[in-house]
Structure formats: structure tokens, C-alpha cells
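Kindly return the folded structure for what I paste below:
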Amino acid sequence: MDKSKLNLAAICPKTQALGPGHRAVIWVQGCPFRCKGCISPQWLPIIPANEFQPKALAESLLADPEISGLTISGGEPIIQASALAEFVQHARTLRDIDVIMFSGYYFENLLAFPEISPVQRLLRLVDVLIDGPYDEKQNHNLGLRGSSNQRFIHLTDRLQFYDFELQSRQAEIHITNGEILFVGVPPTGVLPGVLASLEISLDASAPGGSYEWT
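As a prediction, this is how the structure comes out:
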């Protein structure tokens, strides 16, 4: 894989389910964690998926004038820190956007990386880090996080107005080229019912018919 490119599992050009305002969301492919109950196990293998040049992708997503922020998730973003830093840096030359990033690493572990590392460079471009691995026993169905052990760390004051802790969970369904993409942090109990309905209603014979939950 070309480390200068972003290797992505999925992209959502516009959503209101993963932070304030209209946001573009990217999910990186690959994760070193194996959290029990992970809702996107197909995105765990560190394998080639969909490759993008960071600058070109930033220009494409920011072409929509309504986009006010980026949300970065996965997979595990830290394994693509260098390309992500280039992506965010270029996006900021186009518009004064805010950035939210999910990571299975705890903030203290990320701070242990050298100051000149791609990880530290990426952190300096993030406004809010949602850190820590998913723990299904602590999924309390509240806030913009999968489980309550995960923290909302404000690295800047840009998003202090937004209540990450008590925010009601939201979910959106996006359909593109025969694929169904669920966007958001799923409220407890919703996902099994939605998937069961899809199993009944989705035409399995349709070419490209599939679904993923982010």
C-alpha cells in the first residue's frame, strides 16, 4: 500500500449524525484492535481498500459549501496518521473547518509519540479526540461515542459549544450505487432490527447489493 495515499473503507460526503453541522466523514481501512462487539469487523483487516490522494479528496469533499467539519473514524485513523495530516492540512487551506477524530488509542499513549512524528502532527490538527477502545459492557446509549470509557478530549476550544456527552445518538441511511451505508453511532437495540429488516427487503439478486454500518 502507498502510505502517501489514504486507504479508506468508506466515505460519507455529508451527514449530521457525527458531530455539529454538515460534516464529511471518512473511515480508514484497518485496525490493530479487536474490540468485542465491533460494528464494522469488515474494516479491521489492514488490506488495500479504496485509495485516494489526500489533497484531491479534500478538494472533492470541500467542494460542497455546506460542509463545516470533518469527522475521521475507522478502522483506526492513527495507522494512517501521515496521509490524514496532509488531508486535514489541505482541507484547512480551503475552509476553516473543525475536525473530530475517533481513535482506539488513549490520548496519553498518543502523546508518547515523538513531537516530530506524523501522529503528533495529526493531533495538532484535531479539535476533538474521542479516545479509547470500544467496550460493549459500557455502551450506555448516550453521547457521540460507542461506550462510556471513551473520552471527549478538546484539543482546541473550537467545539466547546457542542454537548458531546449528552448528545442523543443519531443514525442515517445512505444509499449509493446499490450499497447501503449506515452513518452514526447506533442507538442500543436499533442495529439488529434494521439488519433484520434489510435481510427481508434487500434484493439479494441485485448486483452490488450490500450494506455496511460505520
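
ok, S60 to I26 distance?
11 Å (C-beta to C-beta, to the nearest Å). (C-beta placed from N, C-alpha, C; glycine too.)

which one of those two has more residues nearby?
I26 (25 against 14; other C-beta atoms under 10 Å).

And that one, how far from L70?
Counting by C-beta to C-beta - I26 and L70 are separated by 7 Å.

and if you look at Q29?
With C-beta to C-beta as the criterion, Q29 and L70 are 17 Å apart.

Low-confidence stretches in this structure?
1, 172, 176-178, 188-214 (pLDDT under 70).

90 instead?
1-4, 17, 33-45, 136, 139-143, 166-214 (pLDDT under 90).

What's the biggest strand in it, counting residues?
strand 6-15 (DSSP state E).

what's next to that one, contact-wise?
1, 22-30, 40, 42-43, 48-54, 57, 61, 64, 66-67, 71, 74-75, 80, 83-84, 87, 172, 174, 181, 183-184, 212, 214 (C-beta atoms under 8 Å, 6 or more residues apart in numbering).

Which among the residues you listed count as buried?
23-30, 40, 43, 49, 52-54, 57, 61, 67, 71, 74-75, 80, 83-84, 87, 174, 181, 183-184, 212, 214 (16 or more other C-beta atoms under 10 Å).

Return the subset of these lying in strands.
23-28, 52, 67, 71, 174, 181, 183-184, 212.

Contact partners for the residue nearest the centre of the chain?
The C-alpha lying nearest the average C-alpha coordinate of the chain belongs to S73 (C-alpha atoms, centre = their mean; 2.2 Å). Shown in contact with S73 (C-beta under 8 Å, 6+ apart): 18, 25-28, 101-102, 214.

try L123
110-111, 129, 155.
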